[in-house]
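Chemist: Predicted model, plus sequence, below.
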Amino acid sequence: MDDTDRKPHLRLAVENKQADIDKEFAKRNLEWPLRRLAANVVRVVRGAGKSYEIGEQCVAVVKALQEYREKVGYWPTSWELDQALSIYRHDENATYDEMWEREDAVETIVCGALQVVASRLVDQKTQEHRGHSELMDGFYALERIREETRKRLAQAERARRQPKRAKMPPRKKSGSRKVTKLNDGGDSDAKL
């Protein structure tokens, strides 16, 4: 057999260490209980959650944290916990257009509202005011976008209607005439 008769074969280019696999598995097992607890607490704060489940959910989070430490050898990093609780949507194909601006304004409102809620829970007036400012920044951005959209649509509507007027045949101009009134009430045309 020469080199031309050999069948090509695939090789595994990346090898995962068992420690990396264990860490990823432990991280994923922590994310869901942590997110469920956080979501329920937020809902309870707004008056719609299941407060009776908070204790059980806390226990599930503590167990997941302990399992993480046993598998990985240390507690999850702040970055890993932040990522597990992040509410930001990362769109790698995002285009920075009006829709993106709208979503960004809504995200600003959400973040401001969450800041207000968190600050009220621990009676931090300064932080609450900052959250309120952020909330209003998002609101004003949304209003600005809405007004720009309204103006753009109105301009497009005017432009759409404009050609209809232009299609009317133009008036023919005949020589200029000056009309003067005679004493007897008749009209006389005098050309200029």
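Modeler: Yes, it's here.
Chemist: For residue 154, the count of nearby residues, please.
Modeler: Residues lying near residue 154 (other C-beta atoms under 10 Å) number 10. Where you see a C-beta, it was placed from the backbone N, CA and C, and this is true even at glycine.
Chemist: contacting residues for it?
Modeler: Listed by C-beta atoms under 8 Å, 6 or more residues apart in numbering, residue 154 has no contact partners.
Chemist: Please compute how far the strand or helix carrying it lies from its chain's middle.
Modeler: Secondary structure from DSSP states H and E places residue 154 in helix 125-166. How far helix 125-166 lies from its chain's middle: 15 Å, per C-alpha atoms, centre = their mean, to the nearest Å.
Chemist: what mean pLDDT does that helix have?
Modeler: Helix 125-166 shows a mean pLDDT of 87.
Chemist: before we move on, what about stretch 40-59?
Modeler: So the average pLDDT for stretch 40-59 ends up being 93.
Chemist: Now do the end-to-end distance for it.
Modeler: 14 Å (C-alpha to C-alpha, to the nearest Å).
Chemist: I'd like to check what contacts that stretch. Which residues are they?
Modeler: Stretch 40-59 has contacts (C-beta under 8 Å, 6+ apart) with 33, 36-37, 39, 114, 117, 121.
Chemist: Now, the residues you listed that are in helices?
Modeler: Secondary structure defined by DSSP state H assigns 33, 36-37, 39, 114, 117, 121 of the contacts of stretch 40-59 to helices.
Chemist: could the residues you listed be laid out in CSV, adding distance to residue 79?
Modeler: Output for the ones in helices among the contacts of stretch 40-59, formatted as CSV (distance: C-beta to C-beta, whole Å):
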residue, distance to residue 79
33, 19
36, 21
37, 19
39, 21
114, 19
117, 24
121, 24
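Chemist: give me every residue that touches the spatially closest residue to residue 64 that is not a sequence neighbour.
Modeler: Nearest residue to residue 64 in three dimensions, chain neighbours excluded: residue 30, at 4.2 Å (C-beta to C-beta, 6 or more residues apart in numbering). Contacts for residue 30 (C-beta under 8 Å, 6+ apart) come out as 61, 64-65, 67-68, 76, 84.
Chemist: for residue 37, same thing?
Modeler: Contacts of residue 37 (C-beta under 8 Å, 6+ apart): 54, 57-58, 60-61.
Chemist: again, only this time at 6 Å
Modeler: By C-beta atoms under 6 Å, 6 or more residues apart in numbering, the contact list for residue 37 reads 57, 61.
Chemist: for residue 69, same thing?
Modeler: Per C-beta under 6 Å, 6+ apart, neighbours of residue 69: residue 75.
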